[in-house]
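K.L.:
What follows is a predicted structure for the sequence shown.
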Amino acid sequence: MAARRAGGVAAGASLLLVMSACQSLLDVKNPNNVDESALANPAAAAAEANGLLGTTTRMLGTLTAIHGEASDELDWVGSYDAVGELDRGVIGDYVNQMLAGAFSISGTARYLTDMTIARIEGFIADGKVLSKTDLLRSYVYGAIVYSTIADTFDDFAFSDKTKPAPAIGRTNMSQLYDKAIGFLDKAYAIATSNTDKYNILALRARIKHGKAVWKMLTPTSKTAPANPLVADAGATADATAAIALGTADAAFDIVVNQEASGGENVWGHLNGRQEDAPGQAYVVNSRSTINRWIVALKDPITNAPDTRLQARITAMKNFGSLAGTVWMTNTRELRLILAEAALAGGNTTEFTNQINQVRTLDAKPAFSGQIDNLEMLKYERKVELWMMRRRLMDMYRFGIKDPLWQPDANFPSAFDTVGLLFPISQPERLANPCIMDASKCSK
């Protein structure tokens, strides 16, 4: 009896120890978690702006990948068929897993943009924060978020945490460009350094140009536009002003020093999982681990592999698999915007001048009519804007089809839908009752 009693005590003690161990293992508190109410503290302004930057870069890492995969900039060389579907141009499949992650992080970035800017604006209005540095940064990040969403998606929903919102529709996506431009207007009004002013003006020029391209391709069509050239007065004014503030080869880039979006970012896909490689339109052989980083695209004047493109592709390889630099815009792109506007207006002298301002940065021979002007513009944009999330819309407007694109019986494809962008993803459609039936939205 005593023995049994002792045994019972021992067993009970063991059970308590096990339960205690389980509780200590599972009951983990993350010291980095912050209650939402703490965000109302003005002292959190810098942390909130940093948080928005982190989310913005995660979004960019993912969206750069799907832009490259859908265009001819990247080729699918792995085993993840969601990537292969994008490579085939079937970007209308709302069930695609790559799209699901891209839409989710984009929605998060959009929500954080609005919340962060509203809070910091409130801190300043109440006199609780004197410096406007974090507000300026948040305006710029917000402009990137809104404009990149407009560059990427056919449709979007502005839900508020658990409160769903209906889709706004393709024709209303231009409002996102306007929102981005408005943020940059506010940022420029409080900018003091020439560096900040350059970045803001350069980004605003690029967004205005992007909106003009979007308008050309909305609604979607079966054929490319008869006149693919854009001449937006606001874009050219901002480009000219930015160039005056920067150096000859100035650039606005974002260096990412954290892992972005798990393995679904462009660096993870290229250098980690190796689902993608630089596209066959650019390199010797995208399916060869040796030759996928060696440029084959030849400069139309030198007839030699393009040195600028080689530098960009080598840089992408050297970033590694977790993070890298997101190329936002630069003076080269600004000059191409000015060159395009000049060509659209029939000013071939200025077109040639702007093209050669770009080419001289890499010691390339001057362009003097060796090939057609429009073909020269297409070539320089193809080289200079590689992996900057421009190529898909350029392919549409210039009537360029990736040989890998295919028609699809079930979903819209870039093969036969000019201007097609990504749809609202399946997880959002399942979670948000307003997407399929706006009448189901709660009042």
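P.N.:
Looks like it came in fine. Not measured: the values here are computed from a predicted model.
K.L.:
Low-confidence stretches in the chain?
P.N.:
Within the chain, the segments meeting pLDDT under 70 span 1-38, 258-263, 442-443.
K.L.:
middle-most residue in it, spatially?
P.N.:
Residue closest to the average C-alpha location in the chain (Cα atoms, centre = their mean): L60, at 3.8 Å.
K.L.:
mind checking the SS state of that one?
P.N.:
At L60 the chain is in helix, as set by DSSP: H, G, I helix; E, B strand; the rest coil.
K.L.:
cool, A277 as well?
P.N.:
Put simply, A277 is strand when judged by three-state DSSP.
K.L.:
partners of it in the sheet?
P.N.:
Residues in a beta bridge with A277, per DSSP bridges, are D75.
K.L.:
Next up, phi/psi of I105, please.
P.N.:
Per-residue torsions, I105: phi -70, psi -30 (degrees, to the nearest 10).
K.L.:
tell me the domain boundaries of the chain?
P.N.:
Under the assignment automatic domain parsing, the domains of the chain span 39-222+407-437, 266-397.
K.L.:
Can you lay out those as CSV showing distance to T240?
P.N.:
The C-beta positions use only the backbone N, C-alpha and C, and glycine is treated the same way. Output for the domains of the chain, formatted as CSV (distance: least, Cβ to Cβ, whole Å):
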stretch, distance to T240
domain 39-222+407-437, 8
domain 266-397, 7
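K.L.:
Which one, of the ones you listed, ends up nearest to P228?
P.N.:
Closest to P228 of these, according to Cβ to Cβ: domain 266-397, at 4.1 Å.
K.L.:
Now do the closest one: distance from first to last residue.
P.N.:
25 Å (Cα to Cα, to the nearest Å).
K.L.:
So what's the gap between that domain and the chain middle?
P.N.:
Centroid separation between domain 266-397 and its chain, computed with Cα atoms, centre = their mean, to the nearest Å, is 17 Å.
K.L.:
Please apply the same query to stretch 124-140.
P.N.:
What separates the centre of stretch 124-140 from the centre of its chain is 25 Å, taken as Cα atoms, centre = their mean.
K.L.:
For it, output the C-alpha coordinates as PDB.
P.N.:
The C-alpha coordinates for stretch 124-140 follow below in PDB (Å, rounded to 0.1, in the frame of the first residue of the first chain):
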ATOM      1  CA  ILE A 124       2.700  66.600 -36.200                       C
ATOM      2  CA  ALA A 125      -0.700  68.400 -36.300                       C
ATOM      3  CA  ASP A 126      -1.000  68.000 -32.500                       C
ATOM      4  CA  GLY A 127       2.600  69.400 -32.000                       C
ATOM      5  CA  LYS A 128       3.700  66.100 -30.500                       C
ATOM      6  CA  VAL A 129       6.400  65.500 -33.100                       C
ATOM      7  CA  LEU A 130       8.400  68.400 -34.500                       C
ATOM      8  CA  SER A 131      10.500  66.700 -37.100                       C
ATOM      9  CA  LYS A 132       8.900  65.800 -40.400                       C
ATOM     10  CA  THR A 133      11.500  63.400 -41.500                       C
ATOM     11  CA  ASP A 134       9.500  60.300 -40.800                       C
ATOM     12  CA  LEU A 135       6.400  61.800 -42.400                       C
ATOM     13  CA  LEU A 136       8.400  62.500 -45.600                       C
ATOM     14  CA  ARG A 137       9.800  59.000 -45.600                       C
ATOM     15  CA  SER A 138       6.300  57.600 -45.100                       C
ATOM     16  CA  TYR A 139       4.900  59.600 -48.000                       C
ATOM     17  CA  VAL A 140       7.600  58.300 -50.300                       C
END
